[in-house]
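Participant: Here's my sequence, what's the structure:
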Amino acid sequence: MKKISIISFVAVLAVAAISCGKARRGTGRTYMPDMYYSRAIETYSALDTSVFTNNAAEAGKKIFYNRLPVTGAVARGDMGAYPYKNDSAGYIASAAVMNPLDPSSIDMKEAERLYLVNCGICHGTKLDGNGPLYNDGNGPYAAAPKNLATDPAMVAMAEGTMFHSVTYGIRAMGSYASQLSTKQRWMVIAYVKSKQKKPAATTAAATADTVVVIN
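Facilitator: A predicted model of the protein is given here:
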C-alpha cells in the first residue's frame, strides 16, 4: 500500500513538472467570439459608414446601429412603457389612462421636489403659472404658462392626458421623458392633482313656491 502511494506521488510530480515545463503559446478557443469580444462603439462619435449604417435597408450589408433602444425596452426598475403614440389619437386615448400608482404609496415630499426641480421654473412654486421664466410678464418668457392650480381646463384634465403631455411635450412645453422616469412623471401628476382647487359642487335643486297650509 505504501509502495503504491509513493508511485502515485511520483507520477503526480512528474505530470506537474511536464505541465509546467512547456509554456502555453496558444490563446485557445472562444465560444461565440462575436459576443465575447464586443465591438467598442463611442456613443457620440460619428459612425464609420464603411461598417455601420442607420438605414434599415442597408442592414444586410452593414451593421445596423441607430443609437436608439430596442422598441418597447423598459429601463431596469422602471414601470411599463406608455402604450400610446404622440399623435391626435394617442392624445384622445390618454384621457382613459388612470394613474397606476397607489396614492398611499406616493412620497408626496419627493413628488413636490420633482415638481419644483422640473416644472416650477415655468409653472411656479404655487402652480399658478408665475414661475421665474414668466415673473408677471417681466421674465424672459413672454407667454404665461398654464395655471395648474385653478385653470378650469387644467383642473378638469385627466391624469392620463397630463401624463401624455409631460411625456411627449405639448405646444411650447417640451418632453420630460428623458428627465423623469415613468414613475416620477406619475408622482408629479399626483402632486399637481393634490394641489388643484376643485370647483365647488353645485346641486341644481328645483325651487318651488312654499305653500303654507293653515288648518
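Participant: Go through this structure and flag its longest helix.
Facilitator: helix 2-21 (DSSP state H).
Participant: what about dumping the CA coordinates of that one to PDB?
Facilitator: Output in PDB follows, covering the C-alpha atoms of helix 2-21 (Å, rounded to 0.1, in the frame of the first residue of the first chain):
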ATOM      1  CA  LYS A   2       2.900   2.300   0.900                       C
ATOM      2  CA  LYS A   3       4.600   1.500  -2.300                       C
ATOM      3  CA  ILE A   4       1.500   2.400  -4.400                       C
ATOM      4  CA  SER A   5       1.200   5.700  -2.600                       C
ATOM      5  CA  ILE A   6       4.900   6.500  -3.300                       C
ATOM      6  CA  ILE A   7       4.400   5.600  -7.000                       C
ATOM      7  CA  SER A   8       1.300   7.700  -7.300                       C
ATOM      8  CA  PHE A   9       3.000  10.700  -5.600                       C
ATOM      9  CA  VAL A  10       6.000  10.400  -8.000                       C
ATOM     10  CA  ALA A  11       3.600  10.200 -11.000                       C
ATOM     11  CA  VAL A  12       1.800  13.300  -9.900                       C
ATOM     12  CA  LEU A  13       5.100  15.200  -9.500                       C
ATOM     13  CA  ALA A  14       6.200  14.000 -13.000                       C
ATOM     14  CA  VAL A  15       2.900  15.200 -14.600                       C
ATOM     15  CA  ALA A  16       3.200  18.600 -12.800                       C
ATOM     16  CA  ALA A  17       6.800  19.000 -13.900                       C
ATOM     17  CA  ILE A  18       6.000  18.200 -17.500                       C
ATOM     18  CA  SER A  19       2.900  20.600 -17.500                       C
ATOM     19  CA  CYS A  20       4.900  23.500 -16.100                       C
ATOM     20  CA  GLY A  21       8.000  22.900 -18.200                       C
END
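Participant: All further residue positions should be reported with the first residue as 50.
Facilitator: Fine by me, first position is 50 from now on; the one you just mentioned is helix 51-70.
Participant: After the helix or strand of the chain with the lowest mean pLDDT, heading C-terminal, what element do we hit next?
Facilitator: Counting by mean pLDDT, DSSP states H and E, the chain has its least confident helix or strand at helix 82-85, which shows a mean of 73. Where DSSP states H and E defines the elements, the next helix or strand beyond helix 82-85 is strand 101-102.
Participant: what sits up against that following strand?
Facilitator: 96, 108, 110-114 (CB atoms under 8 Å, 6 or more residues apart in numbering). For every residue, glycine as well, the C-beta is placed using N, CA and C.
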